[in-house]
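> need a 3D model of the sequence below.
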Amino acid sequence: IKAEAFKRFANGKPVYQQSAAYFLMLNTGLRAGELCGIINSDIDLENRVIHLQRGVKEVHVRDGLEYVPKLEVKVGKLKSKTSKRDVPLNDNAIEMINRLREEVYLGEDAPLIPDENSNFTNPRNMRNRFYRILDAIGMEHKGLHAFRHTFATRLINGVKQPDGSVKALSVKQVAELLGHTTSEITEIYYVKRDTTRLAGLTDNFNL
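Next up is the predicted model:
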């Protein structure tokens with residue numbers, strides 16, 4: 001996916017718009033709406049953190065009490081109180097932020113991922129652009145939430161370090177990173193346990 005996402009035309013221009021955003025999600029666990037709501041001043045690269053303040057979502061336009069067949073992009077509060085949080089940045093996340101800013105940077109008060117009108121990007125448009133990448137490599141469509149799930153699963157199951165050790169976080173720590181109200185949400189809906197590591201563990205426990 002990454003190789004396709006960062007492909008360039010012969011003139012050096014990227015084939016896919018703002019594709020670094022997907023790998024920023026992979027390294028932070030951000031929701032698509034949270035990512036689209038980030039403005040440049042929310043990012044503190046010196047202290048390696050994003051201060052999440054707002055979210056972007058697509059909502060139905062209302063005509064009085066009735067829904068009308070029209071959608072609009074709304075910028076407002078995050079999903080819950082715990083969603084307003086500081087998100088730590090690893091080296092890969094910082095690289096992706098720099099890539100996005102190299103592609104387009106409209107100032108500290110502008111969105112990190114602006115649309116063609118310099119406004120906040122609709123998360124649906126980000127998803128559709130991601131589908132183009134998947135189509136190009138013949139993969140089935142997965143929603144952007146898959147990056148968030150992968151982030152949580154990898155951190156809890158552990159990531160192998162250069163020295164051969166495995167570094168992992170607790171479910172509670174990952175729940176806080178994701179902005180979940182309880183760790184049970186993380187455990188039930190976000191984590192696929194790696195049971196291959198259980199092989200042979202009971203060999204010396206003959207009961």
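
> CA atoms for contacts and neighbours, from now on please.
OK.

> what about this protein, any weak spots by pLDDT?
Within the chain, the stretches with pLDDT under 70 are 60-69, 188-207.

> spatially central residue for it, please.
Centroid check for the chain by C-alpha atoms, centre = their mean gives M25 as the closest residue, at 2.1 Å.

> check contacts around the residue lying closest to that residue once chain neighbours are set aside.
The spatial neighbour of M25 that comes closest, neighbours along the chain excluded (C-alpha to C-alpha, 6 or more residues apart in numbering), is F147 at 6.1 Å. F147 makes contacts with 22-23, 25-26, 29, as judged by C-alpha atoms under 8 Å, 6 or more residues apart in numbering.

> likewise for K84?
Contacts for K84 (C-alpha under 8 Å, 6+ apart) come out as 51-54, 78, 179.

> show me the contacts for the residue nearest to the centre of the chain.
Applying C-alpha under 8 Å, 6+ apart to M25 gives the contacts 31-32, 35, 147-148.

> now distance to L134 and secondary structure too, for those, in JSON lines please.
Below are the contacts of M25 laid out as JSON lines (distance: C-alpha to C-alpha, whole Å; DSSP: H, G, I helix; E, B strand; the rest coil):
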{"residue": "R31", "distance to L134": "19", "secondary structure": "coil"}
{"residue": "A32", "distance to L134": "17", "secondary structure": "helix"}
{"residue": "L35", "distance to L134": "20", "secondary structure": "helix"}
{"residue": "F147", "distance to L134": "14", "secondary structure": "helix"}
{"residue": "R148", "distance to L134": "17", "secondary structure": "helix"}
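
> buried ones among those?
With burial judged by 16 or more other C-alpha atoms under 10 Å, the buried subset of the contacts of M25 is 31-32, 35, 147-148.

> so what's the residue count around the residue nearest to K160 when sequence neighbours are not counted?
Counting by C-alpha to C-alpha, 6+ apart, V166 is the residue found nearest to K160 once chain neighbours are left out, at 4.3 Å. The burial count assigned to V166 is 11, neighbours taken as other C-alpha atoms under 10 Å.

> for V166, give me phi and psi.
Per-residue torsions, V166: phi -120, psi 120 (degrees, to the nearest 10).

> how near is it to K172?
18 Å (C-alpha to C-alpha, to the nearest Å).

> try R129
To K172, R129 is 33 Å away according to C-alpha to C-alpha.

> cool, N27 as well?
Counting by C-alpha to C-alpha - N27 and K172 are separated by 18 Å.

> with Y131 instead?
For Y131 relative to K172 (C-alpha to C-alpha), the value is 32 Å.
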